[in-house]
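In: how would this look folded up:
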Amino acid sequence: MKKWGFLICIIAVGYIFSRSTAWLQQPTEPMVEIQYTNEIHTDHAQAVHIDMKSEVHKGNLLLVNLEYPVHPTGMRTDIVKLAEQNELVRGYGLLDHKIRLSRYVAQAFEQMVEAAGQDDVRYFMISSGYRDLAEQARLYEQKGLDYALPAGHSEHNLGLSVDVGSTLAAMSEAPEGAWLERNAWKYGFILRYPKDKVHITGIQYEPWHFRYVGLPHSAVMVQRNLALEQYLELLKDKKSLTVEVEGQIYHVHYYTASQDQAIYIPENRSYEISGDNMEGVVVTVKE
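Out: Numbers count the residues shown, from 1 in each chain. You can find the predicted model right below:
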């Protein structure tokens with residue numbers, strides 16, 4: 001009887017372990033099909049006139065670093081204090097009650113950690129979100145350039161970035177960090193400062209810093225192993241991409257923001273506009 005009890009325990013432990021690590025066997029890359037084309041079809045499309053110059057410095061794809069600072073129009077206007085939004089703080093904890101973030105990004109983050117919980121990965125904590133310029137200035141004064149960026153030059157000043165921790169271990173070692181690296185793209189997030197992109201980003205490896213860029217951009221960046229800098233350069237070079245992500249088709253077009261111009265949007269299609277914070281505007285049309 002004791003032997004049977006011991007065997008049952010072994011089987012139970014094995015079952016629990018296999019469930020808790022099942023996500024490790026899932027594919028690491030999104031199923032993405034990409035076509036490059038310079039053609040923009042205008043059949044059955046409506047012309048939309050856009051003031052390109054006014055769009056350059058706002059949107060989800062802004063490049064922010066020491067060279068390209070945040071513009072006032074680039075800061076999210078839907079910033080909320082998370083501790084006061086119970087419906088947005090489910091499945092994760094907060095390091096302190098002062099943490100703020102874009103409501104839109106917080107909703108995407110909550111969906112992401114809910115999915116992680118279904119894979120038995122559930123010890124997430126947000127340690128930092130949106131910082132206004134005064135907060136960034138204080139942090140820079142305290143930490144210096146090795147650990148912080150000057151006010152206006154940090155992605156945290158946008159409201160699109162979140163520092164994520166685990167209550168189990170450092171993110172470089174925790175299941176939460178591994179899960180996000182493999183799955184965050186599905187919810188529009190990217191690991192902004194990967195270990196192999198330090199020479200591109202100029203920022204040391206930060207396994208906790210995730211940035212919202214939205215689909216299909218996150219999927220393309222992960223599949224092609226591109227930092228945001230490289231992805232924006234790809235768009236500028238190719239001008240137009242047709243991207244299929246797990247059955248959903250997107251058309252991505254890059255425009256130089258030198259003048260007002262009409263863009264053509266297929267009828268009854270939703271679209272998003274984002275500047276790159278340099279000289280271009282990206283229009284993403286969802287079929």
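In: now stretch 265-281: how far from the chain's centre is it?
Out: Stretch 265-281 has its C-alpha centroid displaced from the chain centroid by 17 Å (Cα atoms, centre = their mean, to the nearest Å).
In: cool, and stretch 129-145?
Out: With Cα atoms, centre = their mean as the basis, stretch 129-145 stands 21 Å off its chain's centre.
In: now it - C-alpha only, CSV.
Out: Output in CSV follows, covering the C-alpha atoms of stretch 129-145 (Å, rounded to 0.1, in the frame of the first residue of the first chain):
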residue,chain,number,x,y,z
GLY,A,129,5.4,52.5,-15.9
TYR,A,130,4.9,56.0,-17.1
ARG,A,131,7.1,58.7,-15.8
ASP,A,132,6.6,62.4,-16.3
LEU,A,133,9.6,64.6,-17.1
ALA,A,134,10.1,65.7,-13.5
GLU,A,135,10.2,62.1,-12.3
GLN,A,136,12.6,61.2,-15.1
ALA,A,137,14.9,64.1,-14.2
ARG,A,138,15.0,63.0,-10.5
LEU,A,139,15.8,59.4,-11.5
TYR,A,140,18.6,60.6,-13.9
GLU,A,141,20.0,62.8,-11.2
GLN,A,142,20.1,59.8,-8.7
LYS,A,143,21.2,57.1,-11.0
GLY,A,144,23.2,58.7,-13.8
LEU,A,145,23.5,57.7,-17.4
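In: number of residues surrounding the closest residue to Leu235 other than its chain neighbours?
Out: Among residues not flanking Leu235 along the chain, Tyr254 sits closest, at 4.3 Å (Cβ to Cβ, 6 or more residues apart in numbering). (Glycine included, C-beta is placed from N, CA and C.) Other residues within reach of Tyr254, judged by other Cβ atoms under 10 Å, total 18.
In: SS state for Tyr254?
Out: strand (DSSP: H, G, I helix; E, B strand; the rest coil).
In: mind listing what it touches?
Out: Counting by Cβ atoms under 8 Å, 6 or more residues apart in numbering, Tyr254 makes contact with Leu235, Lys236, Lys238, Lys239, Ser240, Gly280, Val281, Val282.
In: mind pulling up the pLDDT for it?
Out: Note on Tyr254: pLDDT of 94.
In: Gly159 versus that one, what's the distance?
Out: According to Cβ to Cβ, to the nearest Å, Tyr254 and Gly159 sit 24 Å apart.
In: what of Asn86?
Out: 20 Å.
In: then Gly188?
Out: In terms of Cβ to Cβ, Gly188 sits 14 Å off from Gly159.
In: next: Trp179.
Out: Distance, Trp179 to Gly159, using Cβ to Cβ: 24 Å.
In: do Asp78 as well
Out: 8 Å.
In: touching both of those two, which residues are there?
Out: Common neighbours of Asp78 and Gly159 (criterion: Cβ under 8 Å, 6+ apart): Ser102.
In: so between the two, which is more surrounded?
Out: Taking other Cβ under 10 Å, Asp78 and Gly159 do not tie; Gly159 has more neighbours (27 against 12).
In: which residues does the more buried one contact?
Out: Contacts of Gly159 by Cβ under 8 Å, 6+ apart are Met75, Arg76, Asp78, Ile79, Arg100, Leu101, Ser102, Val105, Gly129, Tyr130.
In: if we go to 6 Å?
Out: By Cβ atoms under 6 Å, 6 or more residues apart in numbering, the contact list for Gly159 reads Arg76, Ile79, Ser102, Tyr130.
In: among the residues you listed, which are in strands?
Out: In this view, the contacts of Gly159 that belong to strands under DSSP state E are Ile79, Ser102.
In: and which of the contacts of Gly159 is nearest Gly93?
Out: Comparing these against Gly93 with Cβ to Cβ places Tyr130 closest, at 17.6 Å.
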